[in-house]
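Below are the sequence and a predicted model for it; my questions follow.
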Amino acid sequence: MWQFFHKLGSPKWFFGIATRFMPWLLAIGIILLLVGLVWGLAFAPKDYLQGNSYRIIFIHVPTAFLAQSIYIMMASAAIVTLVWRMKLADVFVKAVAPVGLVFTFLSLFTGAVWGKPTWGTWWVWDARLTSMLILLFLYGGAIALDRAINDEKSAARAVAVLVLVGVVNIPIIKYSVEWWNTLHQPATFKLTEKPSMPVEMWVPLLLSVLGLYLLFGWLACMRMKTEIVMREQKTRWVRELVMAGRG
Amino acid sequence: MAFDSFSAFIAMEGHGPYVWTCYGVFAVLLVGLMIWSSRHHQAVMASCKRRYQQQESSNSARPKQAATFARVEVSQE
């Protein structure tokens, strides 16, 4: 167990594993996402209440879901950074924060465009939307803080603390639709209940969530590899790897 | 197929502009992020390679000439 933990912290070991898994993540991710989106766009039945505008759900839910789970992963990595000083955890936080920022922006943007025909407005200051906007600022703050501090170790610790403080926002996002009266509809998927949608709607939605998850995995591997090469460029193994043109 | 024709698919009963804007922005940002990350990785690898090659060529270059101590006549006037 401990040996595995140490291996996991080794950038060299991670680099090899990531390189091996990345083609699979990319291929399966693209296939699942495309099948889910084409199915959702062209073949899923129309919603009886919202009409065709509901088809935005097939990108709104995956991006919103990823935006939150990336933050939870970053927070877990932040704990590892603070407690065990594991290099790779900090590399992860730094590499995926911009991806989380883009996905949060996308979920807000698609939500606004969906809101116009459905609620009659682009934006309302209700709990769900506001807490997602705070998530966007948290991602932006983590990126900016990391860039503002030159020393790698202090930057890692400062960003980890910021990410951990911001994690209080995640349950607020999750339960905002239950705690407060909001315009936003309640969660589409719940672990404990059967989905309230018909099968032809939730299967493509599930496929696009999975597809985007895999593509996020690919993005995380790619960006972590870049960060590792930059940090470890003085080591012999990176030198050999770069000169051989692998990776 | 949930639509009768291709034009009905594009129009989506008036919701077309909303739906297609979302899918367009999503595709551009996701593909853009993937291409940008991948290119950045290539660029970092290439710049590392250049630096290593520079180091190697400067290491293998012949050692610099030892400093010479030539006597210089300085006028005392």
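Yep, it's here.

what sits up against stretch A:159-169?
Stretch A:159-169 is contacted by residues A:71-72, A:74-75, A:77-79, A:81-82, A:90, A:93-94, A:131, A:134-135, A:138, A:141-142, A:145-146 when judged by C-beta atoms under 8 Å, 6 or more residues apart in numbering or on different chains. C-beta here means a position set from N, CA and C on the backbone, and glycine is covered the same way.

any idea which helix or strand carries the residue nearest to A:Ala64 when sequence neighbours are not counted?
Leaving aside its chain neighbours, A:Ala64 sits nearest to A:Ser107 (3.7 Å; criterion: C-beta to C-beta, 6 or more residues apart in numbering or on different chains). A:Ser107 belongs to helix A:87-119 when assigned by DSSP states H and E.

Please point out which parts of that helix sit buried.
A:87-118 (16 or more other C-beta atoms under 10 Å in any protein chain shown).

got it, and stretch B:5-15?
By neighbour count with 16+ other C-beta under 10 Å, stretch B:5-15 contains the buried residues B:Ala11, B:Met12, B:His15.

Would you reformat those as a markdown table and include pLDDT, secondary structure and distance to chain A?
Compiled in a markdown table, the buried residues of stretch B:5-15 are given as follows (pLDDT from 0 to 100; DSSP: H, G, I helix; E, B strand; the rest coil; distance: C-beta to the nearest C-beta, whole Å):
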| residue | pLDDT | secondary structure | distance to chain A |
| --- | --- | --- | --- |
| B:Ala11 | 82 | helix | 9 |
| B:Met12 | 83 | helix | 4 |
| B:His15 | 86 | coil | 4 |
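
Any idea how far apart the tips of stretch B:55-73 sit?
This stretch, stretch B:55-73, spans 40 Å end to end (C-alpha to C-alpha, to the nearest Å).

in chain B, which ranges drop under the pLDDT threshold?
Residue ranges of chain B with pLDDT under 70: B:61-68, B:77.

Nearest residue to the middle of it?
For chain B, B:His40 is the residue whose C-alpha lies nearest the centre (C-alpha atoms, centre = their mean; 3.5 Å).

Where does that residue fall, secondary structure wise?
Applying DSSP H and E, one finds B:His40 within helix B:16-60.

Just want the angle from that helix to helix A:87-119.
Put simply, helix B:16-60 runs at 160 degrees to helix A:87-119, going by axes from the mean of the first three to the mean of the last three C-alpha atoms, to 10 degrees.

is chain A contacted by helix B:16-60?
Yes: using C-beta under 8 Å from any C-beta of the partner chain, helix B:16-60 reaches chain A at B:16, B:18-19, B:21-23, B:25-26, B:29-30, B:33-34, B:37-38, B:40-41, B:44-45, B:48-49, B:51-52.

Now find how far off-centre that helix is within its chain.
The chain centre lies 5 Å from the centre of helix B:16-60; the measure is C-alpha atoms, centre = their mean, to the nearest Å.

Which elements pack onto it?
helix A:57-84, helix A:87-119, helix A:199-231, helix A:236-244 (3 or more C-beta pairs under 8 Å, 6 or more residues apart in numbering or on different chains; DSSP states H and E).

And those helices, which one averages the lowest pLDDT?
Ranked by mean pLDDT, those end with helix A:236-244 at the bottom, a mean of 87.

how big is the angle separating that helix from helix B:16-60?
Counting by the same axes, to 10 degrees, helix A:236-244 lies at 100 degrees to helix B:16-60.

hmm, who's touching helix A:236-244?
Contacts to helix A:236-244, defined as C-beta under 8 Å, 6+ apart, come from residues A:Lys12, A:Phe15, A:Ile228, A:Val229, A:Glu232, A:Gln233, A:Gly247, B:Met45, B:Cys48, B:Lys49, B:Tyr52.
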